[in-house]
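Undergrad: Fold the following for me, if possible:
(one chain, ligands or ions: 1)
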Amino acid sequence: MRVLFAASEVYPLAKTGGLADVAAALPAALAALGVEVCIIMPAYRGVAERMRSLQDAGELRIRGQSLRLLAGTHPDHGVPMLLVDAPELFARAGSPYGHGDDAVRFGSFCEAVARVASGIPARDADSATNVNKGHWDTSQRADIVHLNDWHTGLTPAFLSSSAPRPRTVFTIHNLAYQGFFDRAQFDGLGLSPSLWSPEAIEFWGGFSFMKAGLVLSDALTTVSPTYAREIQTPEFGEHLDGVLRQRSTQLHGILNGIDTTIWNPATDTLIEHHYDAASVAAGKAANKRELQQQLGLADSDQPLLGFIGRLAHQKGADALLAASAELSQLPLQVVVLASGDPALEHGFSEWAARCPWRVAVRVAYDEGLAHRIEAASDMFIMPSRYEPCGLNQMYSQRYVSIPLLRRVGGLADSVDDISGSAPTGIHFEHTDAAGVIYAVRKALELHAQPALWLQMQARGMARDWSWRPSALRYMQLYQSLLAA
Ligand code: ADP
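TA: Residues are numbered from 1 along each chain as shown. Next up is the predicted model:
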């Protein structure tokens, strides 16, 4: 089975969010299952230089413009990759997104993906005939083209409708970002005029790449089963819930995995004291003492509550701050690592200034500190308003920091609540101070019952957080599409 996996960002070559992690880890897990997979992404500035065994793989002409294909392998795990190289489109300073011509940039990327997925006749791709072993053969059609988020959504519109045609899977990582553009930009892309209709990709007077992916792909997935249900409701649907309800039988929720080689407390190079299931208590206590010293917290055995994340509306950090006065009265220390909204950054810093021995706040993006907080904390809070999948609740269970989280999206799917028979964490209902305080009080209550607490810790740590189970689900989905 040949799978072309298209994404606008791939860790470590380009990353603005969780999409990049998935686009690196899932193809590697698929390759380990024997799938012949190739990742295709735009050649942003500096990307080609970081690839391995790079070679020219031919030229594509799209609307009069020349785009080169570069073939290579992923720097970490060696999965074959293709870069779509057009410096005037992609080699920009700053973020991959938010440029005035994004419709053309990602429209061209989608068209290039469609061409490669269909197989490029050797006379067009001048070096396709002498591809290296270990590279993707661009002259061969893909069986499946797996698309990710809006940047790839127009790909099915550029695929020929006649057989044999690759089957398309479109994965939603975050429905809130949609790639919305106007009629003039639609006209510039050379798409079939029949697509300009509300049944197709027209959307609120313009058109949407995300909607194109949702309407035109053979199968849809999103990154957790609960988010798959939530996005079919007006509350979470970002005005696309109607489209998603129409396609509900083709919409599957498949939970993300995590990189268990990087996030492993027994080998993590970013934490001070390693531990495994047999040495949790001692290992965590040593990491906690170390972190207390580093951050100027009192040397105390009180439980340590962690929060890490973007200070954006989605993450609900405002609810944590709204609970700060009451939390300060509880037998608890708090550590916050976050950045984003300046008003929240200021609010958290003020909280730390009021109780420096009990509350430590770092306004920064700090990978090492994020690992040390997971290793040192006893509890970890995530008051998210919505969460397609979320990563920290999985890291927390593996690092044995009991997750307290709002029951939404992937959070609900990866942590079992105390209302069930085998809890690994605590759910709460609303993103507000009362929700946060309920969960923290409950956690303190359970923490005071060591037998229960240890059981919760052990269950979360023992679960398989690797990508393998999810990759198997994707493989089954591909097989079912090919059999249909
Ligand atoms: P999202 O992609 O919506 O931001 P995820 O939970 O899927 O949320 O992934 C966010 C990742 O970024 C997590 O691994 C989290 O630990 C990390 N992260 C977020 N903010 C920070 C920060 N200030 N410092 C270090 N890591 C951070």
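Undergrad: show me the contacts for L30.
TA: Counting by CB atoms under 8 Å, 6 or more residues apart in numbering, L30 touches V3, F5, V37, A471, Y474, M475. C-beta here means a position set from N, CA and C on the backbone, and glycine is covered the same way.
Undergrad: mind checking which helix or strand the last one is in?
TA: Using DSSP states H and E, the element containing M475 is helix 468-483.
Undergrad: thought A32 was touching L472?
TA: No. Counting by CB atoms under 8 Å, A32 stays clear of L472, with 10.4 Å between them.
Undergrad: The nearest residue to H371 once chain neighbours are set aside - how many residues pack around it?
TA: Spatial nearest neighbour of H371, chain neighbours left out: L270 (3.9 Å); criterion: CB to CB, 6 or more residues apart in numbering. Neighbours of L270 under the rule other CB atoms under 10 Å: 15.
Undergrad: Equivalent analysis for the one 5 residues further on, please.
TA: Residues contacting Y275 under the criterion other CB under 10 Å number 22.
Undergrad: Show the model's pLDDT score for the closest residue to it other than its chain neighbours.
TA: Nearest non-adjacent residue to Y275, counting by CB to CB, 6+ apart: G283, 2.3 Å away. Per-residue pLDDT puts G283 at 98.
Undergrad: Verify the stated contact: G283 with P265.
TA: Yes. In terms of CB under 8 Å, G283 counts as a neighbour of P265; the distance is 6.9 Å.
Undergrad: I'd like the distance between L195 and the ligand.
TA: Shown here: L195 relative to the ligand, a distance of 30 Å by CB to the nearest ligand atom, to the nearest Å.
Undergrad: for H99, that is, sorry about that
TA: To the ligand, H99 is 21 Å away according to CB to the nearest ligand atom.
Undergrad: Leaving out the residues flanking it, which one is nearest to I271?
TA: Using CB to CB, 6+ apart, the closest residue to I271 is A375 (4.3 Å).
Undergrad: helices or strands up against whichever strand or helix holds that neighbour?
TA: Element membership for A375 (DSSP H and E) is helix 367-376. Contact here means 3 or more CB pairs under 8 Å, 6 or more residues apart in numbering; DSSP states H and E; on that basis helix 367-376 packs against helix 280-295, strand 304-311, strand 333-340, helix 392-399.
Undergrad: what's next to the helix or strand just after that helix, contact-wise?
TA: Downstream of helix 367-376, the next assigned helix or strand under DSSP H and E is strand 379-382. Contacts of strand 379-382 from elsewhere in the structure, counted by CB under 8 Å, 6+ apart, are 303-309, 315-316, 320, 374, 390, 392-393, 396, 401-406, 411, 436, 439-440, 443, 447.
Undergrad: Within its sheet, name the partner strands of strand 379-382 and how each one runs.
TA: In the sheet, strand 379-382 lines up against strand 304-311 (parallel), strand 402-406 (parallel) (DSSP bridges).
Undergrad: closest to T261 out of the ones you listed?
TA: Taking CB to CB, strand 304-311 is the member of the strands paired with strand 379-382 nearest to T261, at 20.0 Å.
Undergrad: pLDDT on that closest one, on average?
TA: Here strand 304-311 scores 96 as its mean pLDDT.
Undergrad: and what of stretch 158-169?
TA: Stretch 158-169 carries an average pLDDT of 90.
Undergrad: Please identify the buried residues of that stretch?
TA: Judged by neighbour count (16 or more other CB atoms under 10 Å), stretch 158-169 contains these buried residues: F158, L159, R165, P166, R167, T168, V169.
Undergrad: Just the endpoints, please. Distance across it?
TA: End-to-end span of stretch 158-169 (CA to CA, to the nearest Å): 15 Å.
Undergrad: one step back: got a list of contacts for the helix holding A375?
TA: By CB under 8 Å, 6+ apart, the list of residues contacting helix 367-376 from outside reads 263, 265, 268, 270-273, 275, 283-284, 287-288, 290-292, 294, 304, 306, 308, 335, 337, 362, 380, 392, 395-396, 399, 401.
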